[in-house]
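S.K.: Provided below are the primary sequence and the corresponding predicted coordinates.
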Amino acid sequence: MLSSFLRLVCFSLINPRTRMRRGGQFLLLLLLSVIPTMSLSAGTTETSGNSAPNGMTESLDSPRHMMRQFLPILRREDVDASLSYIHFPRGMNSEKRQKTAAMLLKLLNTRGQIDLARISEDADGRLYDGLPPQIEVVGQVQVANQSIPIELERLAVAADNRSDNGADNRKIWQFSSEFVQSVPDLTERLSHNELLNSLPSWLLEPAFLNIKAWQWLGLFLALSLAIGLSGLVAFLLLHVGRLIGSRFSIIMTTDSQREALPSTRWIAGVLTFRMLRATLELNLETRQYLATSERVVLIIAFVILAMHLLHIVITYYQGTFDSQGRRAAAGMLQPIEKGIKALIVVVSILAILSTFGFNVTAVLAGLGVGGLAIALAGQKTIENLFGGVSIILDQPVRVGDFVRSGEISGTVEEIGLRSTRLRTMDQTLVTIPNAEFSMMKLENFERRSKIRWAPKLGLRYETKPEQMRLVLLRIKELLIGHPMVLNEPARVRFVGFGPSSLEVEILSFIKAQDLHQYWAVVEDLNLKLMTIVEECGTGFAFPSTTVYVEQSGGLDTSLQDSAIKQARELLAAKAMPQPFYPQTWEEPRTDILSFGPHGLADYPNPKEVNPAE
């Protein structure tokens, strides 16, 4: 029944369509305040065997079992029955033992704080709490603004019921003699309320549920004050939250404040009620009921408030990502919000179970083993999930970018938790798992601030040197003068002789980021290049074979005879240094020719020229 109720609570918290209004929240918290009472009522009854409430299993010789047996005695204030749970100091007579036991019961009932769920269920107690092995702290006593630990001592009890140190004797837990010896002094330090002495006797008598009439009146007054002050305290807390949020540019809207107000009021009201009811000197059992109820209500209220705050933060970042055009990152916020809400619900359930006395260590161990099994079974899915998160956080590509991934080129249409989808140039849809996509070499064409343009022109071999120089000059003027072409670099060079053309190479960058604009600029440049080539009296070459029909007398024989004669004279004078050219031959011939049509003086020093040019 409890598990079904918790599932209903969690579903109501994480499902916005079934989120409870104020009346439903009040009913829920009222039920939650009854459940721990029922649970602890079962926990304070005398038990036998190795059973415990809530399905827990504890040792019969454990400190928790000893306190579970002692609490009903404490509730009845049965002095005679309490004697077997107290280790009195040596030399204390029977009459003094009775008085000390009565003072101990009164002290624990009025000022004691004992939580069974926090007491060790092992026979040896907690061995790593910094205390001697035979000492265990099971609670505190609040006296004069001081917290005094309630100590148990583990003793070996012989068959004749006398304490002994024999190894074969049974070991039990009792209130330590040192703590018992301090009970009279602690009782004297209790503050005496003169107002109680002036009250009528009927107000001082135990009434319903072993609570005195004046304490019932005090509880009603504390509850009324808590309800009245909760609105003011919640308003102040929300105002502080708005100031903190404004420093981080997070604005709380009126709707978000209205949604966060009920849970904030519950938190403020419960804390105020806890502070006020601490002055009423309620008995231990009642304080246990109220403390457990308060913890459960606070857990539920904090869960509701945490989910509201999480929604505010997610909404803020979603708007920020949308304004920045990061649609994929904005799309990831919704599953992240659901995951964090699920984690909050799991933690709250564990906290509630711990409040009811369940051993959450075993639950956590089970969750760990189950999580490991799920991780091994869904290894590929988890890889794709983390791959998608890394793509969204690192943002190598965004939705709408044109990218090349391996041999696939296309526009990114969707980045999901499992896969990324590309729309290719053929309008086919390619789905790539995120684990594989995040490991691939990605080339993003949308991130370019400029696009390289490097065409090669092939001019006809009939082009004269003067024409070539004019073509180079006009193309240079085109690159520098065009508004969509960067001036650096704007290079045009006559680079070589091809099989069927004179090759001219152009290198420049176009001021464009998307391909549509780039191709428009390229089209304009190509048309202008055609005009330049045509105006210079030449044309573009294409692979061809030219057959020349000789109609003249052939080569100039006079020039041939002159060249042959010149070569023979050089050979006779031993002035033709082939195949090697000695330095004595090179020095008088170095730098004697003109560079360009006007000579070297019109050109910069080659050492000062940028290598990129």
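M.R.: Nice, thanks for sending it over.

S.K.: For the stretch 451-600 of the chain, just list every one of the helices.
M.R.: Secondary structure of the stretch 451-600 of the chain by DSSP state H, counting those that start in this stretch: the helices cover 465-481, 515-535, 557-572, 583-586.

S.K.: Could you identify which of those is most buried?
M.R.: Among those, ranked by average contacts under mean count of other Cβ atoms under 10 Å, first place goes to helix 465-481 (a mean of 16). C-beta: built from backbone N, CA, C; applies to glycine.

S.K.: Would you mind confirming that Val471 is in contact with Leu459?
M.R.: Yes: with contact defined as Cβ atoms under 8 Å, Val471 counts as touching Leu459 (6.9 Å).

S.K.: quick revisit: make a markdown table out of the helices of the stretch 451-600 of the chain and add distance to Met103.
M.R.: Listed next are these as a markdown table, based on distance: least, Cβ to Cβ, whole Å:
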| stretch | distance to Met103 |
| --- | --- |
| helix 465-481 | 103 |
| helix 515-535 | 91 |
| helix 557-572 | 135 |
| helix 583-586 | 120 |
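
S.K.: which sections of the stretch 1-150 of the chain are below the confidence cut-off?
M.R.: Residues of the stretch 1-150 of the chain that meet the criterion pLDDT under 70 lie in 1-58.

S.K.: Identify the contacts common to Val471 and Leu459.
M.R.: Common contacts of Val471 and Leu459 (Cβ atoms under 8 Å, 6 or more residues apart in numbering): 504, 533, 538.

S.K.: any chance of the residues you listed in CSV, plus distance to Ser224?
M.R.: Converted to CSV, those look like this (distance: Cβ to Cβ, whole Å):
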residue, distance to Ser224
Val504, 95
Val533, 97
Thr538, 103
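
S.K.: quick one on the thing from earlier: closest one to Ile352 among the helices of the stretch 451-600 of the chain?
M.R.: helix 515-535 (58.7 Å; Cβ to Cβ).

S.K.: what is the orientation angle of the closest one with helix 465-481?
M.R.: 150 degrees (axes from the mean of the first three to the mean of the last three Cα atoms, to 10 degrees).

S.K.: average pLDDT across helix 515-535?
M.R.: The average of the pLDDT scores along helix 515-535 is 89.

S.K.: One more: stretch 426-443?
M.R.: pLDDT averaged over stretch 426-443 gives 81.

S.K.: How much space separates Arg126 from Pro149?
M.R.: For Arg126, the distance to Pro149 equals 13 Å [Cβ to Cβ, to the nearest Å].

S.K.: for the chain, which strand is longest?
M.R.: Secondary structure of the chain per DSSP state E: the longest strand is strand 146-157.

S.K.: Check which helices and strands that one is in contact with.
M.R.: Under the contact definition 3 or more Cβ pairs under 8 Å, 6 or more residues apart in numbering; DSSP states H and E, strand 146-157 sits against helix 63-76, strand 135-143, strand 163-164, strand 170-175, helix 177-181.

S.K.: The same query, at a cut-off of 7 Å, please.
M.R.: strand 135-143, strand 163-164, strand 170-175, helix 177-181 (3 or more Cβ pairs under 7 Å, 6 or more residues apart in numbering; DSSP states H and E).

S.K.: So for stretch 209-223, mean pLDDT?
M.R.: On average, stretch 209-223 scores 80.

S.K.: Report the buried residues of that stretch.
M.R.: Buried positions in stretch 209-223, judged by neighbour count with 16 or more other Cβ atoms under 10 Å: 211-215, 218-219, 222.

S.K.: So which of these sit within helices?
M.R.: Among these, the residues falling in helices (DSSP state H) are 213-215, 218-219, 222.

S.K.: Of all the helices and strands packed on strand 146-157, which one comes closest to Ile299?
M.R.: Closest of these to Ile299 is strand 135-143, at 21.4 Å (criterion: Cβ to Cβ).

S.K.: Now do the closest one and strand 170-175, the angle between them.
M.R.: 20 degrees.

S.K.: after the host helix or strand of Asn109, next one along is what?
M.R.: Taking DSSP states H and E as the criterion, Asn109 maps to helix 94-111. Following helix 94-111 in sequence order, the next helix or strand is strand 112-114 (DSSP H and E).

S.K.: Starting from that next one, tell me which strands it pairs with and how they run.
M.R.: strand 135-143 (antiparallel) (DSSP bridges).

S.K.: Return the distance of the partner strand from the chain's centre.
M.R.: 40 Å (Cα atoms, centre = their mean, to the nearest Å).

S.K.: Stretch 536-544 too?
M.R.: 64 Å.

S.K.: buried stuff in that stretch?
M.R.: So stretch 536-544, judged by 16+ other Cβ under 10 Å, has buried residues 536, 538, 541.

S.K.: could I get those residues as JSON lines with distance to Lys96?
M.R.: Compiled in JSON lines, the buried residues of stretch 536-544 are given as follows (distance: Cβ to Cβ, whole Å):
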{"residue": "Cys536", "distance to Lys96": "126"}
{"residue": "Thr538", "distance to Lys96": "128"}
{"residue": "Ala541", "distance to Lys96": "124"}
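
S.K.: Quick check: the gap between Met562 and Asp61.
M.R.: Residue 562: Ser, not Met. Distance from Ser562 to Asp61, by Cβ to Cβ: 128 Å.

S.K.: Output the contacting helices and strands for the helix or strand hosting Val345.
M.R.: For Val345, the host element (DSSP H and E) is helix 327-355. Contacts defined by 3+ Cβ pairs under 7 Å, 6+ apart place helix 327-355 against helix 2-14, helix 284-323, helix 360-377, helix 379-394.

S.K.: Return the most buried member of those.
M.R.: Of those, helix 284-323 is the most buried (mean count of other Cβ under 10 Å), at a mean of 19.

S.K.: could you give the angle of that helix to strand 135-143?
M.R.: Using the same axes, to 10 degrees: helix 284-323 against strand 135-143 is 90 degrees.

S.K.: which residues does Lys442 bridge with?
M.R.: That one is not Lys; residue 442 is Leu. Beta-bridge partners of Leu442, as defined by DSSP bridges: Ser405.

S.K.: That one against Val403, yeah?
M.R.: Yes: using Cβ atoms under 7 Å, Leu442 is in contact with Val403, at 5.7 Å.

S.K.: Between those two, tell me which one has more neighbours.
M.R.: Just comparing Leu442 and Val403: by other Cβ atoms under 10 Å the higher neighbour count belongs to Val403, 22 against 16.
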